[in-house]
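>>> Mind folding the following:
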Amino acid sequence: YSVAPKTVHDKQLKHRCLKGFHIEPQDDYLQSRKPVLVNNDCKVILSAPRKSMTDYYYKNADADEVIFVHEGSGTLRTMYGSLNFEYGDYLVIPRGTTHQLEFDSEKNRLLIVESYGPITTPKRYRNHYGQLMEHSPYCERDIRKPVDLETFDERGDFLFYIKKQDNIYPYHYLNHPFDVVGWDGFVYPFAFSIHNFEPITGRLHMPPPIHQTFDGHNFVICSFVPRMYDYHPLSIPAPYNHSNIDSDEVLYYVDGDFMSRKHVERGMITLHPGGIPHGPHPGTVEKSIGAKETRELAVMVDTFRPLLMTEYAAGIEDPNYYHSWIPDAVSGNGLQHVDIAP
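Take a look at the predicted model:
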């Protein structure tokens with residue numbers, strides 16, 4: 001069956017806001033995956049699965065996957081071994097990796113990025129030999145590899161679902177998919193916690209690349225984490241208004257408070273397309289002066305080719321988001337700042 005996203009070819013150049021937690025939970029993991037923003041390089045997917053993958057195995061033959069765990073915990077089981085995961089973990093799963101996701105409860109919220117190119121660490125973080133250098137915001141010790149390899153020398157009827165060219169193909173295998181006695185190499189699934197991302201700060205405003213966590217083909221994934229604000233005596237912590245020229249900017253709000261936004265919700269996604277300016281909401285620049293730190297937690301995906309919204313995205317869009325830059329005295333019903341910490 002087809003899982004190709006149905007895009008909305010809305011050519012309006014405007015800022016968008018999606019209420020991510022309005023995606024309804026579903027029992028089955030594959031059925032719960034709803035692509036909301038897509039282009040030819042990647043897909044941004046929201047998922048709220050209730051049940052573990054106990055009856056089948058899954059393999060994405062199209063794309064590498066980065067799964068950010070917003071809510072829930074459990075175990076990723078693969079032919080390489082197992083990876084326990086919890087709130088704040090990135091799970092990086094190379095294409096072709098047969099796996100199952102087992103959840104500890106029915107309350108799960110996932111942000112998934114499918115990448116048609118490999119997911120790597122940013123080149124500027126690595127030395128000539130491929131090692132992460134001291135100025136990198138994380139190091140090899142922060143990366144968790146699969147453990148507890150289990151070998152299943154079994155025969156039976158093992159159901160696979162394989163994704164290829166945006167179709168899901170059911171396959172029945174005679175041998176257990178985890179009939180592996182060992183593995184070697186440098187392509188394997190791993191976990192990295194956003195809480196282990198050590199932010200880079202400075203006396204003046206630091207540009208967005210300092211938040212970069214992963215590199216994809218024509219896009220990047222960044223982590224916004226609690227950190228000290230700019231500490232020059234005359235600094236203004238709120239970012240300045242700016243216009244992206246080379247990228248569309250997607251921000252997924254996880255937890256904490258965001259001094260540049262008047263209204264945020266957990267799981268909210270904003271899309272600020274390249275070509276038009278965006279920046280702090282009215283009043284937030286003044287409010288930021290004198291602030292020492294932020295407790296925000298967010299994931300950003302910047303794509304270097306434009307993103308299209310899908311029908312799922314259209315169903316959860318706040319159509320009045322672009323009005324949020326109108327001062328309260330003008331709009332009469334300005335949005336209010338809220339803290340989205342649980």
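>>> measure E154 to G96 for me?
Distance, E154 to G96, using Cβ to Cβ, to the nearest Å: 22 Å. Where you see a C-beta, it was placed from the backbone N, CA and C, and this is true even at glycine.
>>> now do K51
Distance, K51 to G96, by Cβ to Cβ: 24 Å.
>>> Those two: which is more packed in?
More crowded of K51 and G96, by other Cβ atoms under 10 Å: K51, with 18 against 13.
>>> and that one, what does it touch?
Applying Cβ atoms under 8 Å, 6 or more residues apart in numbering, we find K51 in contact with D27, D28, Y29, F103, E106.
>>> Kindly recompute the last result at 10 Å.
Neighbour list for K51: P25, Q26, D27, D28, Y29, Q31, S32, L101, E102, F103, E106, N108 [criterion: Cβ atoms under 10 Å, 6 or more residues apart in numbering].
>>> Mind checking which of those residues are in helices?
Using DSSP state H, the members of the contacts of K51 that fall in helices are Y29, Q31, S32.
>>> so what's the first one closest to, chain neighbours aside?
Just to be clear, that refers to Y29. Distances taken as Cβ to Cβ, 6 or more residues apart in numbering place P49 nearest to Y29, at 4.2 Å, with adjacent residues excluded.
>>> Can you name the residues that contact the one you found?
25-33, 72, 101, 103, 106, 108-110 are the contacts of P49 under Cβ under 10 Å, 6+ apart.
>>> Poorly predicted segments of the protein, please.
In the predicted model, the chain carries pLDDT under 70 at residues 10, 258-262, 328-342.
>>> Which parts of the chain belong to which domain?
The chain breaks down into these domains under automatic domain parsing: 23-194, 198-331.
>>> Kindly present those domains as TSV, with separate columns for distance to Y1.
Rendered in TSV, the data for the domains of the chain read as follows (distance: least, Cβ to Cβ, whole Å):
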stretch	distance to Y1
domain 23-194	6
domain 198-331	16
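>>> Nearest to H15 among the ones you listed would be which one?
Of all these, the one in closest proximity to H15, counting by Cβ to Cβ, is domain 198-331 (4.9 Å).
>>> Return the distance of the closest one from the chain's centre.
Centroid displacement of domain 198-331 relative to its chain, using Cα atoms, centre = their mean, to the nearest Å, is 14 Å.
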